[in-house]
Structure formats: structure tokens, C-alpha cells
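> Whatever this is, show me its structure:
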Amino acid sequence: MQQFGLGQISAPAFFTTTNFNVDLNGDLRLKNFSLEGGGRYYNESNDGSGDQRFRNNSNVDLNLSSRLTVWKSYFLTVYSTKRYNYGYTLANANPLILGAGFEKRFFKNKALSLSISANDLLDQGNNISRTVSGNTIIDSSSKQPTRVFFLGLSYNLSKFGGRSFPVNPD
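Residues are numbered from 1 along each chain as shown. Predicted structure coming up:
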């Protein structure tokens, strides 16, 4: 076979990438409580001709979130996400993300709300990726600040002045 480039790949070389993805979600909604959960499976296969074989990587994502009405206008939200990454050679490739929030609504029409929330309480957020180029595989991980705290104040303008203004969803 004839060598080209830097001698890394013998000609001819062919590579194929195959992706497979499955999602499953469900929810339960009661008067003062809601629960949502789901799962996702993703598989990526990279294959080269001849002796050019690459490691496959797959992900399993599981998530669960709930919202509880504590008392009339007080709400508590909790969520979690667990990711299992297979095929990567990186440390901390399987993060568990936990978050929580609290909200208080004001006025009779509950138009004003004050909320506080915290994301990634365990500080395990990361961003991993794989790049396949020729016969080279590069696994990379970037640490990003995902532990974030929010304080929010919002007012629903469609209920301004006690009058209800219809809002077109389009």
C-alpha cells in the first residue's frame, strides 16, 4: 500500500461512523406534586477498514425531577441527572448532577414570584468529547463552572393591574 501524508494512514482508508439513540420519558402530575423521569441511550461506533479499529463510546443518561407545592404559594423543586459514559479514558466521566430550588408567589393572582435555586450541588459537571481523525482518537474533558446559584424575581405581565390579557402561544 502507498503511504501518504505523514505516513499515518495507508491508502486506501475508509471510515464509517454509526449513531444510535433511544429516549424514554414519563411523568406523573397530581394536584400538589409532579414527578418527571426519563432515560436516554446513545451509542456511537467508529470503524475503519483493515486494522483501523476504534473504541466505541456510549452514554446512558437518567434524570428525575419533582415539584412539590408546600403550602398554597410555596414551591419546592428538586432534580437529579446521572450520566454513565462508556468508552472514554477520562477520570470523572460519570457525573451526578443535583439541583434544588424554592419559589414563593405573591398577590392573589400569583403574578409575582421570587425564586432561589442551586445547580450542580456536588460540583461534578464536566464536558467530555471524543474526536476521531484518521487513526487518532482524542478524548478531551473541560471543567466548567456548573455549580451556580440563582436568585430570580419575575412578574407575569399578562395579569397586570388585575386584568387578564390573553397571550397567543404563537
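> mind listing what the helix or strand harbouring Gly99 pairs with, with the direction of each?
Using DSSP states H and E, the element containing Gly99 is strand 96-106. On the basis of DSSP bridges, the sheet neighbours of strand 96-106 come out as strand 74-86 (antiparallel), strand 112-119 (antiparallel).
> buried stuff in the first one?
Spelled out, it's strand 74-86. Within strand 74-86, the residues that qualify as buried are Phe75, Thr77, Tyr79, Ser80, Thr81, Lys82, Arg83, Asn85, counting by 16 or more other Cβ atoms under 10 Å. Heads up, the C-betas are built off the backbone N, CA and C, glycines and all.
> In this structure the third one contacts Ser65, no?
Yes: Tyr79 is in contact with Ser65 according to Cβ atoms under 8 Å; the separation is 3.7 Å.
> which neighbours do those two share?
Residues touching both Tyr79 and Ser65 (Cβ atoms under 8 Å, 6 or more residues apart in numbering): none.
> the helices in this structure, which residues?
When assigned using DSSP state H, the chain turns out to have no helices.
> Quick one: find the helix or strand in it with the lowest mean pLDDT.
strand 3-4 (a mean of 46; mean pLDDT, DSSP states H and E).
> JSON lines for the strands paired with strand 96-106, including mean pLDDT?
Putting those into JSON lines (pLDDT from 0 to 100) gives the following:
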{"stretch": "strand 74-86", "mean pLDDT": "91"}
{"stretch": "strand 112-119", "mean pLDDT": "94"}
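> Switch those over to JSON lines; also include distance to Asn19.
Compiled in JSON lines, these are given as follows (distance: least, Cβ to Cβ, whole Å):
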{"stretch": "strand 74-86", "distance to Asn19": "15"}
{"stretch": "strand 112-119", "distance to Asn19": "29"}
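> Pull the contacting residues for Ser66.
Counting by Cβ under 8 Å, 6+ apart, Ser66 makes contact with Phe33, Ser34, Leu35, Glu36, Thr77, Val78, Tyr79.
> what's the closest of those to Val22?
Glu36 (17.9 Å; Cβ to Cβ).
> For the nearest residue to that closest one once chain neighbours are set aside, list the residues it contacts.
Counting by Cβ to Cβ, 6 or more residues apart in numbering, Glu36 lies nearest to Asp27, which is 4.2 Å off, once chain neighbours are set aside. Neighbouring residues of Asp27 by Cβ under 8 Å, 6+ apart: Ser34, Leu35, Glu36, Gly37.
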